[in-house]
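**Student:** predicted model, plus sequence, below.
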Amino acid sequence: MSEAARELEFGLGVLGYHGCWDDVAFAERHGFATAGFVDSPLLGGETFAGMALAAAATERIRVGPFLAVPGNRRAAITAQGVATINRLAAGRARRCRLRNFSIWAPPPLTREVVTEVHEQVMPLLRAG
């Protein structure tokens, strides 16, 4: 295998439903590398609570928001949640991905707003 070749990793997309942490633990036992939680307040339970329970139920799998929608949470709240998960998961929090997508976020956010939120969240995460 060449130096340019990369190992393929599998990830799991999860909504915050009761028992999602057991599904993440199952995925970890079967070689999955990441579990990304979808932040959708009308479709699932509280995203960061599900991530916290998944972090407690696992040892290796990286956990974090699959999509963090700026219209759902303010930058400081998102950064606080990801930092807390990183502490609970002993450094296994996956990168937070901000996306301008939500069926229920009226109206859609502009690219400038998403960029501004990203610029607010990242320094907060780096500061710990």
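**Tutor:** Everything's here; your move. Numbers count the residues shown, from 1 in each chain.

**Student:** which SSE is Ala79 in?
**Tutor:** helix 75-88 (DSSP states H and E).

**Student:** low-confidence ranges in the protein?
**Tutor:** 1-5, 95-109, 128 (pLDDT under 70).

**Student:** from the chain's centroid, how far away is the helix holding Ala79?
**Tutor:** 10 Å (Cα atoms, centre = their mean, to the nearest Å).

**Student:** and whatever helix or strand comes next after it, how far from the chain's centre?
**Tutor:** Scanning forward in sequence from helix 75-88 by DSSP H and E, the next helix or strand is helix 111-127. For helix 111-127, the separation from the chain centroid amounts to 15 Å (computed by Cα atoms, centre = their mean).

**Student:** so helix 111-127 versus helix 75-88, what angle?
**Tutor:** Angle of helix 111-127 versus helix 75-88, following axes from the mean of the first three to the mean of the last three Cα atoms, to 10 degrees, is 40 degrees.

**Student:** helix, strand, or coil at the residue nearest the centre of the chain?
**Tutor:** Nearest to the geometric centre of the chain sits Pro65, at 1.2 Å (Cα atoms, centre = their mean). Pro65 carries the three-state label strand when classified by DSSP: H, G, I helix; E, B strand; the rest coil.

**Student:** quickly note the distance from it to Gly16.
**Tutor:** 11 Å (Cβ to Cβ, to the nearest Å). (Each C-beta comes from the backbone N, C-alpha and C, glycine too.)

**Student:** doesn't Ser40 make contact with the residue nearest to the centre of the chain?
**Tutor:** No. Using Cβ atoms under 8 Å as the test, Pro65 is too far from Ser40 to be in contact (10.8 Å).
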